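S.K.: no letters, just coordinates:
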């Protein structure tokens, strides 16, 4: 088991983490970033690939939960209807969604020239948070090339913090971020599975953050920004054979993780979770797809893993964040400069 930054003695979380304590502990899942810090731009793209094959021809089962629908993502409607993901998952800023969607469409057409002709159209999946407080979002600096760069950079080892889509984000008044964590679940039969989470974190009022149950940051009476107008995207991956409905159930548990961190899903916060399984690749061809499925009575440890992994992923992203000067000179504090994890045991 990897060493955790927080809760090293296991008094807050119960389940063990994977080898790297990231979403890439799920075999076959990779992550890549493209980061831009130039001129007024403080932004980027993060790509999550469920497997290294042709996702259009071999999509993965998926589910989702919209906890609070203040957002401009692309592809969620068809994901909810068909229960599958058929492109890489791209995370970016709000105004970067069209360019990222176009990049995914072009990439899919290159791999499958019949798309939109004798093959179905493709459903690009792009999720977003607004980084406009740090990044000059009106410059619309995210382009197709940046999206392709993030996909091409995908691998099992990746950075966390103020990188990729997390570059210009702000969480509970702190800088960033992209964060990740994982959990191992062992069933009574002895079969073990991994569940990983990756978050794009941009939510929470300054002073509301709870780290292992304890409030951290500016007291409420000294808040300079009393409103929570941010968002958070939670992406889950697992190698357990969960179907789309079960993955939707799992996605909804992200709300418990956000509550443990001090969030109440504010009015103008877009809070979205998606989950996919790598266990059963689907197909465009044939009549019947044989697939294993987890027994419903064995869901509880995966639901617990979803809460623990998402909560820790947010904290890991904040811990790895670096100071970034906003386009207008704003400098956000970093969580690592505010506390020592050893002092936060419950």
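M.R.: Received, thanks. These figures come from a predicted structure and were not determined experimentally. Numbers count the residues shown, from 1 in each chain.
S.K.: which helix or strand contains the residue most central in space within the chain?
M.R.: With distances taken as C-alpha atoms, centre = their mean, residue 199 lies nearest the centre of the chain, 3.1 Å away. Secondary structure from DSSP states H and E places residue 199 in strand 192-202.
S.K.: ok, that strand: who's next to it in the sheet?
M.R.: strand 178-186 (antiparallel), strand 231-238 (antiparallel) (DSSP bridges).
S.K.: quick check: which of the ones you listed is nearest to residue 81?
M.R.: With C-beta to C-beta as the measure, strand 231-238 is the member of the strands paired with strand 192-202 nearest residue 81 (19.1 Å). Glycine gets a C-beta too; all of them are placed from N, C-alpha and C.
S.K.: test my guess that residue 267 contacts residue 230.
M.R.: No - counting by C-beta atoms under 8 Å, residue 267 sits too far from residue 230 to count as a contact (11.4 Å).
S.K.: deepest-packed of the strands paired with strand 192-202, please.
M.R.: strand 231-238 (a mean of 30; mean count of other C-beta atoms under 10 Å).
S.K.: next SSE after that strand?
M.R.: Next element after strand 231-238 (DSSP H and E): helix 244-252.
S.K.: flag every buried residue along that following helix.
M.R.: Within helix 244-252, the residues that count as buried by 16 or more other C-beta atoms under 10 Å are 244, 246, 247, 248, 249, 250, 251, 252.
S.K.: elements contacting the lowest-mean-pLDDT helix or strand in the chain?
M.R.: In the chain, the helix or strand scored least confidently by mean pLDDT, DSSP states H and E is strand 214-215, which has a mean of 90. Applying 3 or more C-beta pairs under 8 Å, 6 or more residues apart in numbering; DSSP states H and E, one finds that strand 214-215 contacts no other helix or strand.
S.K.: hmm, back to that, compare residue 267 and residue 230 (neighbour count), which wins?
M.R.: A direct count of neighbours by other C-beta atoms under 10 Å for residue 267 and residue 230 places residue 230 higher, at 25 against 10.
S.K.: and the strands in the stretch 201-346 of the chain?
M.R.: 210-211, 214-215, 231-238, 270-277 (DSSP state E, counting those that start in this stretch).
S.K.: got the angle between the lengthiest helix in the chain and helix 244-252?
M.R.: If you go by DSSP state H, the chain has its longest helix at helix 300-320. Between the axes of helix 300-320 and helix 244-252, defined by axes from the mean of the first three to the mean of the last three C-alpha atoms, to 10 degrees, the angle is 40 degrees.
S.K.: same question for helix 300-320, mean pLDDT?
M.R.: The pLDDT scores in helix 300-320 average 98.
S.K.: ditto for stretch 137-144
M.R.: Mean predicted confidence for stretch 137-144 is 97.
S.K.: contacting residues for residue 110?
M.R.: Going by C-beta atoms under 8 Å, 6 or more residues apart in numbering, residue 110 touches no other residue.
S.K.: list the buried residues in the helix or strand that contains it.
M.R.: For residue 110, the element it lies in under DSSP H and E is helix 97-111. Across helix 97-111, burial judged by 16+ other C-beta under 10 Å covers 97, 99, 100, 101, 103, 104, 105, 107, 108, 109.
S.K.: of all those residues, which comes closest to residue 272?
M.R.: For these, the nearest to residue 272 is residue 97 (12.6 Å; C-beta to C-beta).
S.K.: which stretches of the stretch 1-150 of the chain form strands?
M.R.: 30-38, 41-49, 60-69, 84-85, 89-93, 125-129.
S.K.: quick one: the longest one to strand 89-93, angle?
M.R.: With the same axes, to 10 degrees defining the directions, strand 60-69 sits at 30 degrees from strand 89-93.
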